[in-house]
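A.B. asks: Provide a 3D model corresponding to the input given below.
(one chain, ligands or ions: 2)
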Amino acid sequence: MKDEKTYNVYFRITDKCNLECKHCCYDCGPKGDSMLSSNIKKVVDNIPAGVKDFELTGGEPFVVKPLLYEALSYIQSKKFPKISVIVQTNGFWIKDEDSNYKILKELCDLGVNYIDFTSNDEFHKEQGIDINKLHMNVNILPSPLGKALDRLNDEFPGLENRYSKIGLHLRGAGKRVQPLGRAKSLPIEMIHPFYPCLANINFYGQHKDVTIDPQGNVYLCCWQGPRSIGSVIETPLEQLVEDAENDPITKAIIDGGPQKLAKQIGMVSCISGINDCITCQKIFAELDRRPKAMEAVK
Ligand code: SF4
Ligand code: SF4
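C.D. replies: Ligands and ions are numbered 1, 2, ... in the order given. As a prediction, this is how the structure comes out:
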């Protein structure tokens with residue numbers, strides 16, 4: 001029997017954000033574009049039944065809340081059998097107990113399993129979001145989010161884990177970042193040294209992590225480094241993945257990271273000792289200049 005593939009989907013529904021963090025790898029801000037509402041359903045219809053983590057993010061998805069809720073509602077209606085739904089946010093909407101409760105309840109009703117707060121770092125603090133004040137003491141009342149979660153928990157008595165109805169993750173960028181988007185202007189000492197290729201790790205074998213941008217383009221990694229493997233508005237994700245696995249350029253990256261590709265096409269001078277994604281950027285910039293080099297990949 002043919003093995004079924006599973007997928008984690010990182011779905012960036014918008015490039016719009018209330019903040020303009022200087023490390024933002026997607027260059028998000030108040031003027032960013034969002035996915036058209038009419039395309040949300042087309043994307044979700046093209047996601048295979050093997051989806052596991054389905055993460056809705058941006059930009060900041062709560063800046064386009066009606067679109068976020070529309071996407072969540074449609075995903076919920078599809079009843080994917082293995083799904084875990086995650087919403088990634090900077091948490092700017094955390095305010096008082098009543099408004100937090102309302103939002104958490106809405107997210108529960110829309111089938112969200114986790115909220116992933118991404119703003120536990122100095123870059124977000126510079127922009128006015130101090131998530132620690134809003135969230136860290138969630139287990140020690142009073143905190144506005146903790147109180148709202150307790151109320152929500154009261155509504156679902158008998159849960160073994162008091163927050164099992166809706167889980168929370170808290171993380172941040174730390175001090176080192178990827179040299180992408182606005183972070184390209186940051187000093188070299190702030191760039192991740194020795195960052196490994198995620199496509200070589202997370203797109204290898206039967207489980208695939210993919211990223212979808214607000215235009216519906218699909219990428220091998222969350223950094224959207226290599227070229228898109230196609231539009232999931234037009235083509236089922238399974239087909240795009242199968243085509244990518246048979247494409248010599250993406251196959252080289254999946255099998256051995258950008259170093260393997262660089263060696264195959266005679267671009268070893270592009271190999272960076274610092275970070276695989278820098279190697280990747282250099283290769284694709286060079287391929288734009290010398291498209292014939294691709295003929296070397298078999
Ligand atoms: S890093 Fe996150 S919060 Fe900051 S501008 Fe980018 S999307 Fe917005
Ligand atoms: S090396 Fe390229 S494919 Fe791999 S994670 Fe970085 S940008 Fe993505």
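A.B. asks: Return the residues of the stretch 51-200 of the chain in contact with ligand 1.
C.D. replies: Proximity of the stretch 51-200 of the chain to ligand 1 (C-beta under 6 Å from any ligand atom) is limited to residues Gly58, Gly59, Glu60, Asn90. (Each C-beta comes from the backbone N, C-alpha and C, glycine too.)
A.B. asks: distance of the third one from Gly205?
C.D. replies: Translated: Glu60. 33 Å (C-beta to C-beta, to the nearest Å).
A.B. asks: Settle it for me: which of those two has more neighbours?
C.D. replies: Per other C-beta atoms under 10 Å, whichever of Glu60 and Gly205 has more neighbours is Glu60, with 27 against 11.
A.B. asks: residue contacts, the closest residue to that one other than its chain neighbours?
C.D. replies: With sequence-adjacent residues excluded and distances taken as C-beta to C-beta, 6 or more residues apart in numbering, Glu60 is closest to Cys17, at 4.2 Å. Residues counted as contacts of Cys17 (C-beta atoms under 8 Å, 6 or more residues apart in numbering) are Cys24, Cys28, Gly29, Pro30, Gly32, Gly58, Gly59, Glu60, Val63, Asn90.
A.B. asks: how about these in a markdown table, adding distance to Phe80?
C.D. replies: Formatted as a markdown table, the contacts of Cys17 follow (distance: C-beta to C-beta, whole Å):
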| residue | distance to Phe80 |
| --- | --- |
| Cys24 | 30 |
| Cys28 | 27 |
| Gly29 | 32 |
| Pro30 | 33 |
| Gly32 | 28 |
| Gly58 | 22 |
| Gly59 | 24 |
| Glu60 | 25 |
| Val63 | 26 |
| Asn90 | 26 |
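A.B. asks: Of those residues, just the buried ones, PyMOL syntax please.
C.D. replies: Burial among those is assessed by 16 or more other C-beta atoms under 10 Å; the matching PyMOL selection reads:
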select buried, resi 24+28+29+32+58+59+60+63+90
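A.B. asks: ok, whatever residue of the stretch 151-298 of the chain ends up closest to ligand 2 to Asp255 distance?
C.D. replies: Using C-beta to the nearest ligand atom, the closest approach of the stretch 151-298 of the chain to ligand 2 is made by Gly225 at 2.0 Å. As judged by C-beta to C-beta, Gly225 and Asp255 stand 16 Å apart.
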